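Novice: Let me see the structure of the following:
(chains A and B)
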Amino acid sequence: MTMDAAAHLAVRGVSKRFGATTVLADIDLAMPKGELLTLLGPSGCGKTTLLRLVAGLAEPDTGTIILGGRDITRTPPYRRNVGVVFQSYALFPHLDVAGNVAFGLKLRKRPKAEIDATVGRVLALVHLDHLASRPIRALSGGQQQRVALARALAVEPSVILFDEALSALDRKLREAMQGELRQLLTEIGATAIFVTHDQEEALTMSDRIAVMHRGRIDQLADPRTLYEKPATAFALSFVGQSVRLAGRVTESVGGVSRIETPAGPVLAPKTFSPGYDVIVATRPEHVRLGPGDNTLTGTVTGVVFQGARSTVEIAAGGLKLSAELSGRETPPQPGAAITFGWPLAETLIYPAEGVA
Amino acid sequence: MIAAARLLPDRARRTALLLSAPGLLVLVGLFILPLSLLLGVSVQGEGGFSLAAYQKLFGTPHYRHVIWNSLWLAAVVTLLCFLIGYPASFAIARARGGWRSLMLACLFLPLSASVIVKAFAWTILLRSSGIINQTLLFIGIIDTPVRMIFTETALVIGAVNIFLPFMVLPVFSVVAQLDGRLGEAAATLGANPLETFLKVTLPVTMPGIIAGVALVFALAVSAYVVPTLLIGERFPTLATTIAKSYLLTREEAFGAACGVALLAIAIAVVVISARLTREERA
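Specialist: Model prediction:
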């Protein structure tokens, strides 16, 4: 709670239902000023609803939202000073680029000279200063995205929210925007929340990622921790590639469990009661040809050369697994019987229940 | 390449001309020719060219009042149609499924009935022995039937009822496409509901409003059946005066002059609305 008290934005015990459906269940989230946080999850996980609650475009059923030390739970959006960049951009079609960016400043009754200066400065920030008098419909998707960003930044919001804001751009433009946006937001010290279902975007853009699943935050961690130590089987499957085996615990001694899987026995560094159904996993890059702490045998079904590395597809005990080899290693031929393994320390284990 | 590039606009222009030919023929045959004839008739006096008809129309207080009546009726009806039709368009646009179909049907089904039928229906409803007076008498709100028919009120009620679809149709078509996120975007930028309406919703739907206003004004200013049946002689308009000049007093030049005046108003409406729409888009 000490962290929470110092938080710039705090969401405490927030729930939201639509009819009989619980969209958000008891969400807690605290962000320091200047943090870039991503709400990551599949569609329907509640991430957009959480964003709308912070923006004031919807009200929570329970819980409170604190922004800059002020309880804004019931504050209407126009008194929150929260910026939103919408997926569809929602630019005002009757105004030109400068008119869109100046919209919030005019409402705040700033002097004209100040508005002009701010509009020019913000448009320069997003590299659109040469298009100030263009009508919106004459802009490309990427340019509209920048206008939407400039419009939200112009009023210097306490927190800026991105609702799948990059998803409408094509891949190349999106990747360029990700880097640029992160740099820009860091430069101006903005506090931002991104909503996305794109794990790469989440890993690129954020200081911390909240993996959301069925209205809850499964894990809130920095990208590295999230990748290396996923807290749940869902977080594991949603972020990065993984080799996963379903099995049952046969014994558990000295903090190491032995699990029987269709591909053979596997050890995992965690205590579980025998008889427990679990998911055992590791990341493909930990899998090596030849025996390891955990060793399985299988048949190579395919090899995909990807330059710096190769992915080997393996059939083992009726399961399809994949392992990564450094590009310099000679990959086995399809059809070959191989032995492969990975270290005990890189073995992840989760209860099997509630896995989608 | 250059030759081809030059050919293309030429061909495109020829195609455009060819495609618009049937329309142009209809315009010339059915509108431009008869309207030129109308203009000719309006300046025909006993001894050739004469502006007597226009002198009578613009010089006589009575006929200046007729012009005023037409403009007043059109303005009031347009305003009321806007005040009713604008929120109604939002109601229809926000309604879902069956409700939306039902509301649209209620609005557009009456279009299939003749304006005479509708105007006559209002005379039945509004007359002294009509259902409205009977109901009010029965409830005891009034002791003697109230004179409703042949009043300005009856005229305006009937005209608004009949012309309302022509306001809702263009406004609804714009409102239905209004992106709900625009309002949310405005709110997050600090606009309260009133500011959102004035600075976003109203300007974004303005093209529909301009079209609806132009349509209803043009229809109402030239309405003939509605004033004839609902108010009659007490409220002469340009349209009823044209009919009188041709059918009763046989002053063809004067009737034609009234027609030209009506045409001038209609052209003004079209030109102004087109210019407003262009400014809106620029």
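Novice: what helices or strands is whatever helix or strand B:Thr135 lives in leaning on?
Specialist: In the assignment (DSSP states H and E), B:Thr135 maps to helix B:131-139. Packed against helix B:131-139, as judged by 3 or more C-beta pairs under 8 Å, 6 or more residues apart in numbering or on different chains; DSSP states H and E, are the following elements: helix B:115-126. Where you see a C-beta, it was placed from the backbone N, CA and C, and this is true even at glycine.
Novice: Now do the helix or strand just after the helix holding B:Thr135: which elements does it pack against?
Specialist: Later in the chain than helix B:131-139, the nearest helix or strand by DSSP H and E is helix B:152-175. The helices and strands touching helix B:152-175, judged by 3+ C-beta pairs under 8 Å, 6+ apart, are helix B:61-94, helix B:97-108, helix B:115-126, helix B:202-221, helix B:225-230.
Novice: Tell me which helix or strand comes right after helix B:152-175.
Specialist: Following helix B:152-175 toward the C-terminus (DSSP H and E): helix B:180-188.
Novice: What are the buried residues along the helix holding B:Thr135?
Specialist: B:Asn133, B:Leu137 (16 or more other C-beta atoms under 10 Å in any protein chain shown).
Novice: What pLDDT is listed against residue 3?
Specialist: Chain wasn't specified; assuming chain A. pLDDT recorded at A:Met3 is 49.
Novice: right idea, wrong chain: chain B
Specialist: Reported pLDDT for B:Ala3: 48.
Novice: what do you get for the one 5 residues further on?
Specialist: Per-residue confidence (pLDDT) for B:Leu8: 62.
Novice: One more: A:Ala352?
Specialist: 85.
Novice: And it, how far from A:Val211?
Specialist: Using C-beta to C-beta, to the nearest Å, A:Ala352 is found at 18 Å from A:Val211.
Novice: Over to A:His130?
Specialist: Counting by C-beta to C-beta, the separation of A:His130 from A:Val211 is 40 Å.
Novice: Up against chain B, what does the stretch 101-250 of chain A have?
Specialist: A:Phe103, A:Gly104, A:Leu107, A:Arg108, A:Pro135, A:Arg151, A:Ala152, A:Val155, A:Pro157 (C-beta under 8 Å from any C-beta of the partner chain).
Novice: For the closest residue to the fifth one other than its chain neighbours, give me the backbone phi and psi.
Specialist: What that stands for is A:Pro135. Computed as C-beta to C-beta, 6 or more residues apart in numbering or on different chains, the closest residue to A:Pro135 that is not its neighbour in sequence is A:Asp96, at 5.4 Å. Backbone geometry at A:Asp96, expressed as degrees, to the nearest 10, gives phi -80, psi -180.
Novice: Also A:Val82?
Specialist: The phi/psi pair for A:Val82 (degrees, to the nearest 10) is phi -120, psi 120.
Novice: burial measure for it, as a count.
Specialist: By other C-beta atoms under 10 Å in any protein chain shown, the residues close to A:Val82 number 28.
Novice: Tell me who's in contact with it.
Specialist: A:Val54, A:Ala55, A:Gly56, A:Leu67, A:Pro157, A:Ser158, A:Val159, A:Ile160, A:Leu161, B:Thr188 (C-beta atoms under 8 Å, 6 or more residues apart in numbering or on different chains).
Novice: pLDDT score assigned to it?
Specialist: The per-residue pLDDT reported for A:Val82 equals 96.
Novice: With the one 5 residues further on instead?
Specialist: You'll see A:Gln87 listed with a pLDDT of 91.
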